[in-house]
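[1] give me a 3D structure for the following:
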Amino acid sequence: MRKALMAMIMAATVMTPIAAEAQRRGGDRSEARSERREARQERRESRQEARQQRAPQTRQQVRQQRVAQPQAQPVPGWGGSRTDPRMRQHQERYDRTARENARRYGSQEQYREVVQQQRAANREARQDVHQDRREDRRDWRQDRRGDRRDWRQDRRDHRRDWRQDRRSDRRDWNRSWRNDRRYDWQRWRYSNRNIFRGSRYYSPYRDWSYRRFSIGLILQPLFYSQRYWIDDPFYYRLPPAPYGTQWVRYYDDVLLVDVYTGEVIDVIYSFFW
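    All right, here's what the predicted structure looks like:
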């Protein structure tokens, strides 16, 4: 125990000069930091003073200067004196623009008059554009109306020509086909009786009874509907039907009918058994 205490006393005696040296060095560093801090503060204050001297005046300062010195008028839109180089440059630009406007338009009243004339000219130009657009639309409608009228007239002419051609075809229908041996249906029926033994005929109208039709009469549409067509005329040794016509069964008769008008063009009585 005594040895340990003696060792501690000897260690404290040896470390005392080292601690004193460290304490002295720490005090020197704190003093250097404080000196550097004071130097930075002084430089900051000097820069702020220089910036304030170079900066333009505020609006409030300009108002105060106007009240104090009415003869020193600042340039519109700027807060500063005429002695500032930037203010002089702006004033020169402002004066140059004013001189250019005065050379072009004269006084302020003349400038207003020029502006009014330009507005009137623009208004007239817009009106002309609108008028031209309305006229173009009207012309386009008239042209379209005329085109539709021409198209309807062409369609009517085409239909009239088609009807005339169809009438001429019907008119040109040659009933002398009965003299052609290829269409000798009577002889064919004599040798093939079962073919001409047709099924029961059902009239399309309930109260309709058999009436003999002749050439030139007009049939009701149901009499020449598709259920009464003879699809293969040559099967019965009949000539082919022209365009727009069809061989139709009517009871035991066979009629050549115009499917567009219902007109009977040719007829064979008692064709089926």
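[2] contacts, neighbours, all on C-alpha from now
    Noted.
[3] tell me the mean pLDDT over stretch 183-195?
    In this model, stretch 183-195 has an average pLDDT of 92.
[4] just stretch 223-242 next, same as before
    93.
[5] list the buried residues in that stretch.
    Across stretch 223-242, burial judged by 16 or more other CA atoms under 10 Å covers 223-224, 228-230, 233, 236-239, 241.
[6] just the ones in strands from those residues, please.
    Among these, no member falls in strands (criterion: DSSP state E).
[7] of those, which pair is most distant in space?
    Phe223 and Arg237 (22.2 Å; CA to CA).
[8] ok, so of the buried residues of stretch 223-242, who is nearest His130?
    So of the buried residues of stretch 223-242, ranked by how close each gets to His130 (CA to CA), first place is Tyr224, at 60.7 Å.
[9] hmm, Gly262 and the closest one touching each other?
    Yes - here Tyr224 lies in contact with Gly262, judged by CA atoms under 8 Å, at a distance of 7.5 Å.
[10] the stretch 101-250 of the chain: strands as residue ranges?
    Ranges of strands within the stretch 101-250 of the chain are 245-250, based on DSSP state E, counting those that start in this stretch.
[11] just give me the neighbour total for Arg178.
    Counted with other CA atoms under 10 Å, residues neighbouring Arg178 total 14.
[12] tell me the contacts of it?
    Asp184 (CA atoms under 8 Å, 6 or more residues apart in numbering).
[13] next, count neighbours for Ser199.
    Neighbours of Ser199 (other CA under 10 Å): 10.
[14] cool, the one 10 residues further on as well?
    A count of nearby residues for Ser209, using other CA under 10 Å, gives 9.
[15] quick check: nearest residue in space to it, chain neighbours excluded?
    In this structure, Ser209 finds its nearest non-sequential neighbour in Ser203, 7.8 Å apart by CA to CA, 6 or more residues apart in numbering.
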